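Participant: take this sequence and fold it.
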Amino acid sequence: MIKAVDAALIRTRGVCKAYRSEVETVWAARDVDFEARPGEFVCIYGASGSGKSTLLNLLAGLDLADTGEIQVGGVEVGAAGDKQRAELRLHTVGVVFQDHNLIQEFTAAENVSLPLEALGLPTAQARSEALRQLARVGLPGLEDRFPSQLSGGQRQRVGVARALTGQRAVLLADEPTGALDSAATQELFTLIRTLCDEGVLAVICSHDPRCRDYADTVYEVVDGRLESRS
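Facilitator: As a prediction, the model looks like this:
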């Protein structure tokens, strides 16, 4: 159940993105309209190649739409420059990828504290906040382990902790359970559900049908079109 009644944190209108070659046009996003609010767990599912990852990259400002409007946290993503989009990801939007993208030579705490130090926090303060975030995702006591010393599920939790540092309000995740076993998958979806209940807006792209069981709102991507399922 969605508890939040705040204004939409994400709003898209008529978003289109196509990849064209000499022989065909492939629509990764086609007339995409949707809104999402604080505390909402949004599941976007679909087959590989349907456009899920492209939509996530558009929301994060990692790619730009051909046409249409995307607003995230009050920022018009298409009109923002590279620096503004980077600041959006630093302050408002955290992204989690399937392979977690952790720095292997850094401990869990160091990986999580990186965005905080980028914001200008002193090292000691950044570490303190990193420890808080790691405890928040169920990893207290593992802060000084390196990624190679963590399970796949634990590494993804570190990725989630890093994505939420700096009080980011939006969590975007692209197939976060793709490399996890059944038990770790359930644990990660449960964690994201808990974070949403605390007020985080999560948009999760997944082909795993279990994602829908935890979500407030479910969409299916079919040839770039976003179709509501709940």
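Participant: for the closest residue to Glu220 other than its chain neighbours, what are its contacts?
Facilitator: Distance criterion Cβ to Cβ, 6 or more residues apart in numbering; nearest residue to Glu220, sequence neighbours excluded, is Glu227 at 4.9 Å. To be clear about C-beta, it is placed using only N, CA and C from the backbone, and glycine gets the same treatment. Applying Cβ atoms under 8 Å, 6 or more residues apart in numbering, we find Glu227 in contact with 219-221.
Participant: doesn't Glu227 lie inside a helix?
Facilitator: No - Glu227 sits outside any helix when classified using DSSP: H, G, I helix; E, B strand; the rest coil, being strand.
Participant: follow-up on the earlier one: would you reformat the contacts of Glu227 as CSV and include neighbour count and secondary structure?
Facilitator: As requested, those are exported to CSV (neighbours: other Cβ atoms under 10 Å; DSSP: H, G, I helix; E, B strand; the rest coil):
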residue, neighbour count, secondary structure
Tyr219, 24, strand
Glu220, 17, strand
Val221, 24, strand
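Participant: in contact with the residue positioned nearest the centre of the chain, which residues?
Facilitator: Geometric centre of the chain, nearest residue: Leu172, 1.2 Å, by Cα atoms, centre = their mean. Residues in contact with Leu172 (Cβ under 8 Å, 6+ apart) are 56, 59-60, 93-96, 163, 202-203.
Participant: now the strands for the chain?
Facilitator: 10-20, 25-36, 41-45, 67-72, 75-76, 93-96, 170-174, 201-206, 217-222, 225-228 (DSSP state E).
Participant: how about the ones you listed in TSV, adding distance to Lys83 and mean pLDDT?
Facilitator: Formatted as TSV, the strands of the chain follow (distance: least, Cβ to Cβ, whole Å; pLDDT from 0 to 100):
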stretch	distance to Lys83	mean pLDDT
strand 10-20	21	95
strand 25-36	24	93
strand 41-45	28	95
strand 67-72	16	96
strand 75-76	12	94
strand 93-96	15	94
strand 170-174	19	96
strand 201-206	23	95
strand 217-222	30	93
strand 225-228	29	90
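Participant: can I get these in a markdown table with distance to Arg127?
Facilitator: Below are the strands of the chain laid out as a markdown table (distance: least, Cβ to Cβ, whole Å):
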| stretch | distance to Arg127 |
| --- | --- |
| strand 10-20 | 31 |
| strand 25-36 | 32 |
| strand 41-45 | 30 |
| strand 67-72 | 29 |
| strand 75-76 | 29 |
| strand 93-96 | 18 |
| strand 170-174 | 22 |
| strand 201-206 | 26 |
| strand 217-222 | 36 |
| strand 225-228 | 40 |
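Participant: good, we can wrap up now.
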